[in-house]
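Chemist: sharing a model prediction with you, sequence too.
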Amino acid sequence: MGKRGGFPGGGMPGNMNNLMKQAQRMQRQMEEQQKEMENREFEATSGGGAVKLVITGAREVKKLEIAPEAVDPDDVETLQDLIVAAMNEALRMVEDANGEAMNNMAGGLDLGGLKF
């Protein structure tokens with residue numbers, strides 16, 4: 001009676017071997033992309049430039065600039081809103097860049113006829 005399951009000759013078929021190589025290559029690319037993203041800087045502004053925020057791809061705030069005219073002791077809420085708006089825009093920029101990088105990497109992945 002013959003063996004059940006497995007692959008003839010005990011090895012992986014060519015397609016599976018290629019898939020494993022693609023996965024390893026993609027993992028290396030993802031690690032490189034992550035390092036690049038962590039060092040990349042994203043700048044967002046709000047209030048027509050009254051607030052400028054710079055963050056890294058690792059989501060660390062590098063710089064926050066507030067124009068003097070944006071500081072009104074009688075209207076702190078507006079300044080707070082401007083800072084939040086700049087922060088949210090910067091975070092969206094990071095997410096968009098990450099998504100684009102993932103799409104670029106997965107674009108050439110061939111899973112036995114299923115292309116991404």
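Modeler: Perfect, I can see it now. Residues are numbered from 1 along each chain as shown.
Chemist: which residue sits closest to the spatially most central residue of the chain, ignoring its sequence neighbours?
Modeler: Within the chain, the residue whose C-alpha comes closest to the C-alpha centroid is Asn98; the distance, by CA atoms, centre = their mean, is 1.9 Å. Computed as CB to CB, 6 or more residues apart in numbering, the closest residue to Asn98 that is not its neighbour in sequence is Met37, at 6.3 Å. From N, CA and C alone the C-beta is placed, and that goes for glycine too.
Chemist: what's the distance between the one you found and Gly49?
Modeler: Met37 sits at a distance of 26 Å from Gly49 (criterion: CB to CB, to the nearest Å).
Chemist: looking at the two, which one has more neighbours?
Modeler: For Met37 against Gly49, the residue with the higher neighbour count under other CB atoms under 10 Å is Met37, and the figures read 17 against 10.
Chemist: other SSEs contacting the helix or strand encompassing Lys52?
Modeler: Assessed by DSSP states H and E, Lys52 sits inside strand 51-56. With contacts taken as 3 or more CB pairs under 8 Å, 6 or more residues apart in numbering; DSSP states H and E, strand 51-56 sits against strand 41-46, strand 61-66, helix 76-106.
Chemist: packing partners of the second one?
Modeler: Judged by 3+ CB pairs under 8 Å, 6+ apart, the packing partners of strand 61-66 are strand 51-56, helix 76-106.
Chemist: need those in JSON lines with distance to Pro68 and mean pLDDT, can you?
Modeler: Formatted as JSON lines, the helices and strands packed on strand 61-66 follow (distance: least, CB to CB, whole Å; pLDDT from 0 to 100):
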{"stretch": "strand 51-56", "distance to Pro68": "12", "mean pLDDT": "96"}
{"stretch": "helix 76-106", "distance to Pro68": "11", "mean pLDDT": "91"}
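Chemist: about what we covered before: need the contact list for the residue nearest to Asn98.
Modeler: With contact taken as CB atoms under 8 Å, 6 or more residues apart in numbering, Met37 is in contact with 57-58, 94, 97-98, 101.
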